[in-house]
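Q: for reference, the sequence and a predicted model appear below.
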Amino acid sequence: MLYWLYDLTGGQGAFNLFKYITFRAGGAFFTALIFAFFFGRPLIEYLRRVQKRGQPIRDDGPESHFVKAGTPTMGGILILSALLVGTLLWARLSNGYVWIVLMVTYGYAAIGFADDYAKVSKHNTRGVSGRVRMALGFGLAFVAAAWTMYLHPEGLRGQLAFPFFKDALLNLSILFVPFAMVVIVGAANAVNLTDGLDGLAIMPVMIAAATFGIIAYAVGNATFADYLGVHRVSGTDELVIFVAALIGGGLGFLWYNAPPAAVFMGDTGSLALGGALGAIAVVTKHEIVLAVVGGLFVVEALSVIIQVLYFKRTGKRVFLMAPIHHHFEKKGWKESQIVIRFWIIALVLALIGLATLKLR
């Protein structure tokens with residue numbers, strides 16, 4: 001929105017600063033961070049009042065989680081509010097890619113909110129049925145995928161790019177749409193499964209978002225795209241504003257979500273943030289790199305899939321409990337150990353993902 005000041009004034013004087021993505025990204029970050037710090041405590045108190053008993057705790061979960069009973073959920077509202085303010089204030093709103101990512105983020109937030117509300121109001125862990133959630137999620141992903149394909153440059157439309165190989169493209173044609181849908185839905189649900197311990201999901205999300213912020217800037221900038229040998233998608237650099245606001249809002253949320261958490265993110269936040277990562281990966285033509293950068297989320301999701309399939313076939317379990325962070329809890333790891341070690345893994349995977357930009 002503030003970019004319009006640059007257009008209206010012709011970039012005269014100090015208003016010329018609004019031309020630069022780096023300046024606006026800094027503004028988005030601090031706007032979201034301050035917003036989250038300022039409204040965090042009042043929101044938590046409000047959620048505590050209206051939810052009364054807080055997020056339901058699984059009866060078959062780790063015993064250490066029973067002390068979390070009464071902690072309010074839907075804290076993702078704080079991140080998403082800060083993200084929205086930061087993005088709308090500082091982003092160039094004529095950019096179609098910004099609106100695609102916003103649509104996915106807040107569409108999935110609505111699905112997550114409905115699920116959280118059902119759990120809190122009924123005080124059980126069931127929420128909205130999985131079929132309904134998946135149907136709505138795939139519907140949103142279809143719109144985002146088709147819209148993205150329409151906006152992509154003609155030479156990249158319907159193409160799948162590969163890391164490490166500059167000129168390698170696989171023409172999926174119209175099949176790109178269902179492929180992109182799976183990426184977005186998969187990312188949303190993988191982050192959702194990861195959100196099971198205090199602070200566990202939000203830091204890897206911010207690390208992955210920062211990584212894709214760098215990728216989006218490189219892909220959208222002609223000079224950097226040529227130097228790094230990546231396929232250029234003009235306009236994706238504007239997503240840096242969105243990413244900066246996400247990180248600012250995420251840090252503000254982590255202040256209250258750090259162990260012991262005063263509020264949980266809930267499906268409201270985890271589905272939305274996972275969907276955002278998936279959408280950015282699709283827009284920047286780095287869907288495969290998302291599997292590396294978000295490798296922690298992939299492992300969490302795979303642990304659930306493996307556990308369910310193996311149990312159905314044999315009646316036995318591969319893990320003591322899934323997702324896999326609960327397996328380590330059952331083995332006696334402290335919650336803080338699991339969280340920090342998973343953060344380290346997420347950081348290492350992000351660095352590997354960034355290495356793909358140059359190793360081409």
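A: It's in.
Q: against residue 318, how distant is the residue nearest in space to the middle of the chain?
A: Nearest residue to the geometric centre of the chain (Cα atoms, centre = their mean): residue 273, 2.8 Å. To residue 318, residue 273 is 28 Å away according to Cβ to Cβ, to the nearest Å. Just so you know, the C-beta spots here come from the backbone N, C-alpha and C atoms, and that holds for glycine as well.
Q: so which elements touch the longest helix seen in the chain?
A: In the chain, taking DSSP state H as the definition, the longest helix is helix 21-51. The contact analysis (3 or more Cβ pairs under 8 Å, 6 or more residues apart in numbering; DSSP states H and E) places helix 21-51 against helix 76-90, helix 239-257.
Q: circling back to that earlier point, what about the residue nearest to the centre of the chain, helix or strand, and which?
A: Per DSSP states H and E: residue 273 is located in helix 266-283.
Q: what is the neighbour count of residue 344?
A: Neighbourhood size, residue 344 [other Cβ atoms under 10 Å]: 11.
Q: ok so it is a strand residue?
A: No - Residue 344 is assigned helix when assessed by DSSP: H, G, I helix; E, B strand; the rest coil, not a strand.
Q: measure residue 27 to residue 244 for me?
A: Applying Cβ to Cβ to residue 27 and residue 244 gives a distance of 8 Å.
Q: quick check: neighbours shared by the two?
A: 86, 90 (Cβ atoms under 8 Å, 6 or more residues apart in numbering).
Q: neighbour count for these two, which is higher?
A: Set residue 27 next to residue 244 and count neighbours by other Cβ under 10 Å: residue 244 wins out with 30 against 20.
Q: what's the average pLDDT for the longest helix of the chain?
A: Taken as a whole, helix 21-51 has an average pLDDT of 95.
Q: and it, how far from the chain's centre?
A: Computed by Cα atoms, centre = their mean, to the nearest Å, the chain-centroid distance of helix 21-51 equals 17 Å.
Q: quick one: it to helix 266-283, angle?
A: With axes from the mean of the first three to the mean of the last three Cα atoms, to 10 degrees defining the directions, helix 21-51 sits at 160 degrees from helix 266-283.
Q: now helix 21-51: buried residues?
A: Using 16 or more other Cβ atoms under 10 Å as the test for burial, helix 21-51 gives 21, 24-29, 31-33, 35-37, 39-40, 43-44, 47-48, 51.
Q: relative to residue 215, how far out is residue 119?
A: Residue 119 sits 35 Å away from residue 215, going by Cβ to Cβ.
Q: more neighbours: which of the two?
A: More neighbours surround residue 215 than the other of residue 119 and residue 215, with 28 against 21 (other Cβ under 10 Å).
Q: what's the helix or strand for that one?
A: helix 202-220.
Q: give me the next element, helix or strand, following that helix.
A: Next helix or strand after helix 202-220 toward the C-terminus (DSSP H and E): helix 222-228.
Q: packing partners for that next one?
A: With contacts taken as 3+ Cβ pairs under 8 Å, 6+ apart, helix 222-228 sits against helix 202-220.
Q: return the helix it packs on as PDB; C-alpha atoms alone will do.
A: The C-alpha coordinates for helix 202-220 follow below in PDB (Å, rounded to 0.1, in the frame of the first residue of the first chain):
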ATOM      1  CA  ILE A 202       7.100 -21.900  14.100                       C
ATOM      2  CA  MET A 203      10.900 -21.800  14.000                       C
ATOM      3  CA  PRO A 204      11.200 -24.300  11.100                       C
ATOM      4  CA  VAL A 205       8.400 -22.400   9.300                       C
ATOM      5  CA  MET A 206      10.400 -19.100   9.600                       C
ATOM      6  CA  ILE A 207      13.600 -20.800   8.500                       C
ATOM      7  CA  ALA A 208      11.900 -22.300   5.500                       C
ATOM      8  CA  ALA A 209      10.100 -19.000   4.700                       C
ATOM      9  CA  ALA A 210      13.400 -17.000   5.000                       C
ATOM     10  CA  THR A 211      15.000 -19.500   2.500                       C
ATOM     11  CA  PHE A 212      12.100 -19.100   0.100                       C
ATOM     12  CA  GLY A 213      12.300 -15.400   0.500                       C
ATOM     13  CA  ILE A 214      15.900 -15.500  -0.800                       C
ATOM     14  CA  ILE A 215      14.800 -17.900  -3.600                       C
ATOM     15  CA  ALA A 216      11.900 -15.600  -4.500                       C
ATOM     16  CA  TYR A 217      14.100 -12.600  -4.700                       C
ATOM     17  CA  ALA A 218      16.700 -14.400  -6.800                       C
ATOM     18  CA  VAL A 219      14.100 -15.900  -9.200                       C
ATOM     19  CA  GLY A 220      12.300 -12.500  -9.600                       C
END
